[in-house]
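**Student:** Build me a model:
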Amino acid sequence: MRICVSVSSKLLIMLIASGVSAALTVGVLGYYKAQDALKTAIDDQLVAIRESKKADIVRYFEGQERMFQVFASQRQLQDAAEALAKGFAAEGKEPAVSTVSSLQDFYRKEFLPRFIKGDKTPTLGDYWPRGSAAVRLQQAYIAGNPNPAGQRMELGLNGEKLPEVGSYSDAHNRFHPDLVKAMRSMRLYDVFVIDARHGDVIYTAQKEADFATNLDTGPYRNSNLAKAFHLARDNQLGPQGVAVVDFEHYEASFGDPSAFIAAPIVVDGEIKAVVAGQLSIDDLNATLTSSGHWESEGLGKTGEVYLVGSDGLGRSDSRFLIEDKKGYLETLGKLDVPKTVIAAIEASNHSILSQKFSTLAVQRALNGETGHDEINDYRGEPVLSAYAPIDVAGMRWSIVAEKDVAEAFAPLYALRNSIFVATGVMAILITFFSMLSSRYFLGPIARLQAGVARLRAGETRFSIPIAGTDEFEELVVAFNDMLSELDQRNQVIATKTLEYQKLLRNILPDAVAERVSGGDTLVADTFPNVTIIYAAIFGFGSIMGQSSASTSIGLLNELVDGFDEAAERHGVEKIKTLGDAYMAACGLSTPRLDHRVRAIAFAEEISATLKRFNEAKGTQLRLQVGLATGEVDAGIVGRRRFVYEILGECVVEARQLALAEGHSGISISPSTAAAT
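**Tutor:** Below is the predicted model of the structure:
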């Protein structure tokens with residue numbers, strides 16, 4: 001059963017469907033446009049924060065390198081190194097039993113209990129200083145120091161009684177205040193003076209367990225302090241004239257993350273000692289964690305910026321560890337992070353140099369790429385991430401700024417709900433409007449239907465009356481314009497047809513042109529009694545060699561036009577022009593009893609025409625005409641670019657007469673002469 005639906009109903013359905021679809025389309029496009037705009041804005045914000053932090057880190061290291069290079073070149077430091085080295089060398093006397101016992105108590109009761117070394121329990125033998133001078137000086141300045149760890153450098157700065165350990169004490173007391181002052185001005189955690197010849201640490205400001213040890217053979221020979229010392233001693237320095245070694249857990253500082261900067265102390269062109277500085281991670285960590293003020297820097301509740309070294313380990317703390325340590329450790333447990341790593345983070349309250357970061361952003365940055373993307377972070381959470389490499393002091397790190405997708409797109413989710421509500425309201429309004437408007441649309445449609453019927457009947461010279469200015473009336477206007485264009489095209493086609501027929505008559509005999517216009521594609525006829533006129537113009541080549549192409553062709557056209565006029569007067573049909581040759585026939589399309597007489601008269605007239613042309617133009621052209629009579633075959637040759645061709649012995653004979661050497665004027669074949 002066929003269901004009939006009225007035009008009004010169809011129109012109503014169409015309007016409602018179109019309106020609702022448009023509303024949904026606008027809503028969806030608006031949502032995705034807003035998403036793109038919001039993502040772009042957040043990406044730009046993360047990139048800006050990343051670049052700001054990156055610039056801070058680069059300035060920090062460049063500043064440290066410049067300050068330390070200047071510090072290492074000071075004369076006072078050279079004097080200090082020389083005096084401390086002499087004093088240290090003089091402390092080789094065997095230490096008293098009480099001195100050894102007191103130092104052993106310090107290691108067992110204070111140092112070893114605070115030191116955590118993974119699963120291994122540290123022993124006294126691992127860190128015991130080697131050499132009498134080391135034992136005597138550590139006892140005097142560490143075990144016998146009344147100040148706690150981290151404040152031992154205060155000894156002697158506030159009027160306390162200083163240790164008396166031979167000539168070393170004199171040198172230490174003399175230079176210690178200035179070295180501490182320099183250390184603080186450079187924001188270093190500790191400063192070291194190391195004898196270049198023997199590798200002994202002859203001075204430290206903080207007086208930690210590395211003081212007086214040997215960096216070639218002692219307990220810290222494999223530390224990054226030892227690496228920095230060896231680089232400076234071997235003069236393997238960076239562009240700023242210093243050596244920098246990346247952060248590692250430094251055992252003398254109870255495993256705290258530390259980096260070292262070192263420079264040689266040169267006296268009279270010889271490296272006598274090395275000065276080194278211990279860089280604490282605290283300054284970098286404070287910069288990267290915004291000192292806990294993430295929201296004020298535009299990072300919201302989940303955004304953070306962190307550093308990762310070339311070893312894949314963090315160089316700054318995770319925000320989530322700082323804000324929610326318990327939740328963070330639980331997350332690491334779910335991600336199958338090794339328990340030893342989780343235990344180290346829990347004990348130290350730091351993720352620095354403990355947690356491995358292997359996210360896509362980190363890998364790209366370490367490979368030298370800069371960009372931003374939506375990825376899963378080290379917690380497995382989807383984030384918007386902006387990453388870049390940092391190359392400072394010969395180290396390649398990656399810096400990453402991230403924010404959780406859930407927080408970043410929270411405004412977008414609210415917009416989505418608003419779009420749904422607005423779309424529903426629009427659908428109701430569109431339905432009501434469509435019901436009111438559909439009735440007004442049928443009038444123009446009816447007029448168009450009537451116009452289409454007249455057009456189908458072949459009528460084009462009419463127009464539909466216009467009764468308004470809405471879109472349907474514009475359609476009526478367009479229909480009227482189409483009618484006008486159709487009528488104009490019909491007229492153009494008629495004109496082109498006439499021009500085409502005229503062109504055919506110019507290049508074909510009238511009878512042949514009629515047949516081609518009628519659609520005849522194969523035109524071939526035999527004419528039993530035709531006179532062929534072949535006229536060859538000699539001397540035109542010299543004109544072409546002396547004149548421009550336009551001048552030469554103009555002269556040839558003028559001459560050929562004269563020949564054409566003569567042909568028309570004598571009832572001769574022009575066949576074709578071949579360069580400077582002219583071919584015509586008489587008695588071809590129109591049988592003529594006097595075709596020979598007409599042909600001869602035509603030949604005489606074109607000879608006279610050439611003579612007048614020579615006199616008028618000052619040329620010396622020569623015309624040789626050949627006439628022959630006989631049977632010819634004529635027809636159209638070619639499909640796309642056709643020509644009217646005539647073939648026969650008389651055609652060949654006329655051409656030979658015209659081109660024969662030793663003849664001039666008009667040459668008539670015997671077949672033509674016999675009939676005249």
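
**Student:** For Ser223, see how far away Glu65 is.
**Tutor:** Applying Cβ to Cβ, to the nearest Å, the value for Glu65 to Ser223 is 21 Å. Yep, even glycine has a C-beta here, placed from its N, CA and C like the rest.

**Student:** and if you look at Glu295?
**Tutor:** Computed with Cβ to Cβ, the distance linking Glu295 and Ser223 is 39 Å.

**Student:** which one of those two has more residues nearby?
**Tutor:** Ser223 (22 against 11; other Cβ atoms under 10 Å).

**Student:** and the residue nearest to the more buried one when sequence neighbours are not counted, what pLDDT?
**Tutor:** Closest residue in space to Ser223, ignoring its immediate chain neighbours: Tyr250 at 6.2 Å, by Cβ to Cβ, 6 or more residues apart in numbering. On pLDDT, Tyr250 comes in at 92.

**Student:** what about Tyr250, how many neighbours?
**Tutor:** What Tyr250 shows, counting by other Cβ under 10 Å, is a neighbour count of 23.

**Student:** Report the contact partners of it.
**Tutor:** Contact analysis of Tyr250 by Cβ atoms under 8 Å, 6 or more residues apart in numbering lists Ser223, Asn224, Leu225, Asp256, Pro257, Ser258, Gln278.

**Student:** So which of those sits lowest on pLDDT?
**Tutor:** Asp256 (89).

**Student:** in the sheet, who's paired with it?
**Tutor:** Applying DSSP bridges to Asp256 gives these bridge partners: Tyr250.

**Student:** same question, the one 10 residues further on
**Tutor:** When assigned by DSSP bridges, Val266 has beta-bridge partners Ile271.

**Student:** Would you check that it makes contact with Lys272?
**Tutor:** Yes. Using Cβ atoms under 8 Å, Val266 is in contact with Lys272, at 7.2 Å.

**Student:** if I look at these two, which residues touch both of them?
**Tutor:** Joint contacts of Val266 and Lys272 (Cβ under 8 Å, 6+ apart) are Gln78.

**Student:** where does Val613 fall, helix, sheet strand or coil?
**Tutor:** Quick fix: residue 613 is Phe, not Val. helix (DSSP: H, G, I helix; E, B strand; the rest coil).

**Student:** Nearest residue to Gln64 in space, please, no chain neighbours.
**Tutor:** Ile261 (6.0 Å).

**Student:** Could you tell me how far the residue nearest to Ala72 when sequence neighbours are not counted is located from Thr460?
**Tutor:** With sequence-adjacent residues excluded and distances taken as Cβ to Cβ, 6+ apart, Ala72 is closest to Ala263, at 3.6 Å. Remark: distance between Ala263 and Thr460 (Cβ to Cβ) = 97 Å.

**Student:** out of those two, which sits in the busier spot?
**Tutor:** Ala263 (27 against 17).

**Student:** Give the helix, strand or coil label for Ala386.
**Tutor:** Classification of Ala386 by three-state DSSP places it in strand.

**Student:** I'd assumed Ala401 was in contact with it.
**Tutor:** Yes. Counting by Cβ under 8 Å, Ala386 touches Ala401, with 4.6 Å between them.

**Student:** Pull up the overlap in contacts between these two.
**Tutor:** In contact with both Ala386 and Ala401: Leu46, Val47, Ile49, Arg50, using Cβ under 8 Å, 6+ apart.

**Student:** Which residues are in contact with the closest residue to the second one other than its chain neighbours?
**Tutor:** The one in question is Val47. Among residues not flanking Val47 along the chain, Ala386 sits closest, at 4.6 Å (Cβ to Cβ, 6+ apart). Residues near Ala386 by Cβ under 8 Å, 6+ apart: Asp43, Leu46, Val47, Ile49, Arg50, Gly371, His372, Val400, Ala401, Glu402.

**Student:** rerun at 7 Å
**Tutor:** Taking Cβ atoms under 7 Å, 6 or more residues apart in numbering, we find Ala386 in contact with Asp43, Leu46, Val47, Arg50, His372, Ala401.

**Student:** residues touching the second one, list them.
**Tutor:** Leu46 sits next to His372, Leu384, Ala386, Ala401, Lys403 when contact means Cβ under 7 Å, 6+ apart.

**Student:** Quick one: the contacts of Tyr250 as JSON lines, columns for secondary structure and distance to Ala22 too.
**Tutor:** As requested, the contacts of Tyr250 are exported to JSON lines (DSSP: H, G, I helix; E, B strand; the rest coil; distance: Cβ to Cβ, whole Å):
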{"residue": "Ser223", "secondary structure": "coil", "distance to Ala22": "71"}
{"residue": "Asn224", "secondary structure": "helix", "distance to Ala22": "66"}
{"residue": "Leu225", "secondary structure": "helix", "distance to Ala22": "71"}
{"residue": "Asp256", "secondary structure": "strand", "distance to Ala22": "64"}
{"residue": "Pro257", "secondary structure": "strand", "distance to Ala22": "60"}
{"residue": "Ser258", "secondary structure": "strand", "distance to Ala22": "65"}
{"residue": "Gln278", "secondary structure": "strand", "distance to Ala22": "68"}
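
**Student:** Select from those residues the one having the most neighbours.
**Tutor:** Sorting those by how many neighbours each has (other Cβ under 10 Å) puts Leu225 first, at 30 neighbours.

**Student:** can you tell me the average pLDDT over stretch 182-199?
**Tutor:** Rounded mean pLDDT across stretch 182-199 is 95.

**Student:** buried stuff in that stretch?
**Tutor:** 182-183, 186, 188-196, 199 (16 or more other Cβ atoms under 10 Å).

**Student:** Out of the residues you listed, the closest to Gln546 would be?
**Tutor:** Closest approach between the buried residues of stretch 182-199 and Gln546, by Cβ to Cβ: Met186, at 94.6 Å.

**Student:** Hmm, that closest one is touching Met67, no?
**Tutor:** Yes. Using Cβ atoms under 7 Å, Met186 makes contact with Met67 at a distance of 5.0 Å.

**Student:** Measure how buried Leu84 is and give me the count.
**Tutor:** Neighbour number of Leu84 under other Cβ under 10 Å is 25.

**Student:** same question, Gly218
**Tutor:** Other residues close to Gly218 by other Cβ under 10 Å number 21.

**Student:** Any idea how far stretch 644-661 is from the middle of the chain?
**Tutor:** Centre-to-centre, stretch 644-661 and its host chain are 72 Å apart (Cα atoms, centre = their mean, to the nearest Å).
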